[in-house]
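>>> Next come a sequence and a model predicted from it.
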Amino acid sequence: MGKIAIVTDSNSGITQDEGRVLGVSVIPMPFYINEVMYLEGITLLQEEFYEKLKNDEPISTSQPGPADVCGLWDRLLEENDEIVHIPMSSGLSNSCETAMALARDYDGRVQVVDNQRISVTQRQSVLDALELVKAGFSAIQIKERLEAEKMESSIYITLETLKYLKKGGRITPAAAAIGTVLNLKPVLQIQGEKLDAYAKVRGKKQAKRVMVKAIKEDFENRFAKYVESGEMCLEMAYTGNREEAEEFKKEVEKEFPGMEIQMDPLSLSVACHIGHGALAIACAKKVTV
């Protein structure tokens with residue numbers, strides 16, 4: 001079996017240092033702040049990003065340049081036979097579609113996975129791909145396996161502020177104003193392609209309860225057979241509020257005794273649309289060989 005390289009982007013939450021440890025290439029997502037381009041994890045750190053967000057500096061997301069993506073692939077193919085490229089969900093960014101178009105020029109040596117993942121669930125896909133490489137799967141087999149299980153994950157997110165949903169046009173200024181006065185906290189969900197509304201509750205405490213309940217229901221219904229076979233992973237994420245996230249993690253651990261919880265900062269591509277102070281619970285089925 002040929003040598004296979006794994007590539008992902010910084011939306012996975014995998015840092016450049018972690019990527020080196022895992023043996024994974026991590027493409028940094030570009031951001032434009034005051035018309036200056038920054039690269040996540042290289043010239044833009046989490047703390048700097050939230051400082052700029054707090055100061056209301058104009059921030060826009062972008063996608064990796066074709067020359068950067070192809071340059072990385074070309075270098076990797078000097079020492080590897082094939083590449084499995086795992087970008088963020090095609091429903092949340094055009095970077096997946098762009099990578100698929102670029103891969104057509106590589107005669108099947110680059111397989112781009114569109115398995116609708118982001119953040120901690122995308123990270124799990126990368127870990128799954130590494131396991132499949134060890135088990136002797138080819139790049140096309142890994143792509144097929146990951147895409148076959150693409151809907152086997154859930155993410156629930158609650159926000160500190162409605163400001164950024166208003167800014168992005170997801171809610172009207174009037175709805176945002178009323179929501180702020182009433183202390184309404186939306187719970188959003190990602191199950192596959194889109195970021196959708198799941199519930200609307202009074203206060204963050206209640207929002208956290210709703211998210212825990214939602215994951216429990218997923219475990220008891222949608223993913224019951226995977227839970228029974230030990231194939232479900234439990235994950236958490238946050239946007240800049242690590243201390244609050246650590247406290248919430250302790251609460252979640254009590255609800256899911258004995259389960260290991262992976263926790264990472266949410267990707268900045270999501271954070272710029274929801275702001276500082278968000279909390280998320282996620283789960284994903286891991287691939288078994």
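Yep, it's here.
>>> okay, CA-based contacts and neighbour counts for the rest of this
Will do.
>>> Now the element after the helix or strand of the chain with the lowest mean pLDDT, going C-ward?
Across the helices and strands of the chain, mean pLDDT, DSSP states H and E gives its lowest value to helix 173-181, namely a mean of 48. Note on helix 173-181: by DSSP states H and E, the next helix or strand toward the C-terminus is strand 184-190.
>>> strands paired with that next one, and their directions?
Strand 184-190 has its sheet partners listed here by DSSP bridges as strand 153-158 (antiparallel), strand 195-202 (antiparallel).
>>> Could you save those as TSV and add columns showing mean pLDDT, mean neighbour count and distance to N11?
Formatted as TSV, the strands paired with strand 184-190 follow (pLDDT from 0 to 100; neighbours: other C-alpha atoms under 10 Å; distance: least, C-alpha to C-alpha, whole Å):
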stretch	mean pLDDT	mean neighbour count	distance to N11
strand 153-158	92	25	14
strand 195-202	82	15	15
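>>> need those in TSV with distance to M263, can you?
Formatted as TSV, these follow (distance: least, C-alpha to C-alpha, whole Å):
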stretch	distance to M263
strand 153-158	13
strand 195-202	20
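>>> Compare those strands and give me the one nearest C283.
strand 153-158 (5.4 Å; C-alpha to C-alpha).
>>> Show me how far the closest one is from its chain's centre.
10 Å (C-alpha atoms, centre = their mean, to the nearest Å).
>>> where exactly do the strands run in the stretch 151-289 of the chain?
153-158, 184-190, 195-202, 232-238, 261-265, 279-285 (DSSP state E, counting those that start in this stretch).
>>> JSON lines please, covering these and showing distance to D218.
As requested, those are exported to JSON lines (distance: least, C-alpha to C-alpha, whole Å):
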{"stretch": "strand 153-158", "distance to D218": "8"}
{"stretch": "strand 184-190", "distance to D218": "12"}
{"stretch": "strand 195-202", "distance to D218": "13"}
{"stretch": "strand 232-238", "distance to D218": "11"}
{"stretch": "strand 261-265", "distance to D218": "16"}
{"stretch": "strand 279-285", "distance to D218": "9"}
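>>> closest to P64 out of these?
strand 261-265 (20.4 Å).
>>> Can you list the neighbours in contact with the closest one?
Contact with strand 261-265 is made by 13, 120, 233-240, 242, 249, 253, as judged by C-alpha atoms under 8 Å, 6 or more residues apart in numbering.
>>> if you skip the residues just before and after it, what's nearest to R242?
Spatially, and ignoring its direct neighbours in sequence, R242 is nearest to P265 (7.9 Å; C-alpha to C-alpha, 6 or more residues apart in numbering).
>>> Name the residues linked to that neighbour by a beta bridge.
P265 has these beta-bridge partners by DSSP bridges: Y238.
>>> what separates it from E47, distance-wise?
Distance, P265 to E47, using C-alpha to C-alpha, to the nearest Å: 11 Å.
>>> same deal with V270?
Distance, V270 to E47, by C-alpha to C-alpha: 15 Å.
>>> more crowded one of those two?
Using other C-alpha atoms under 10 Å, the more surrounded residue of V270 and E47 is V270, with 16 against 11.
>>> For A282, see how far away that one is.
According to C-alpha to C-alpha, V270 stands 14 Å off from A282.
>>> Is Q116 in a helix, a strand, or coil?
Here Q116 is recorded as coil under DSSP: H, G, I helix; E, B strand; the rest coil.
>>> what ranges do the helices span in this protein?
Assigned by DSSP state H, the chain shows helices spanning 16-22, 46-54, 66-79, 95-103, 119-134, 139-148, 163-167, 173-181, 204-220, 224-228, 242-255, 268-274.
>>> Please name whichever of these is nearest to V112.
helix 95-103 (5.8 Å).
>>> ok and that closest one relative to helix 66-79, angle-wise?
Helix 95-103 and helix 66-79 are oriented at 60 degrees to each other (axes from the mean of the first three to the mean of the last three C-alpha atoms, to 10 degrees).
>>> as a whole number, average confidence for helix 95-103?
Helix 95-103 carries an average pLDDT of 92.
>>> could I get it in CSV with only the CA atoms?
Extracted C-alpha coordinates of helix 95-103, given in CSV (Å, rounded to 0.1, in the frame of the first residue of the first chain):
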residue,chain,number,x,y,z
SER,A,95,-13.1,25.9,0.3
CYS,A,96,-14.3,22.3,-0.1
GLU,A,97,-15.7,22.9,-3.6
THR,A,98,-12.5,24.7,-4.6
ALA,A,99,-10.3,21.9,-3.3
MET,A,100,-12.4,19.3,-5.3
ALA,A,101,-12.0,21.4,-8.5
LEU,A,102,-8.2,21.6,-7.9
ALA,A,103,-7.9,17.9,-7.2
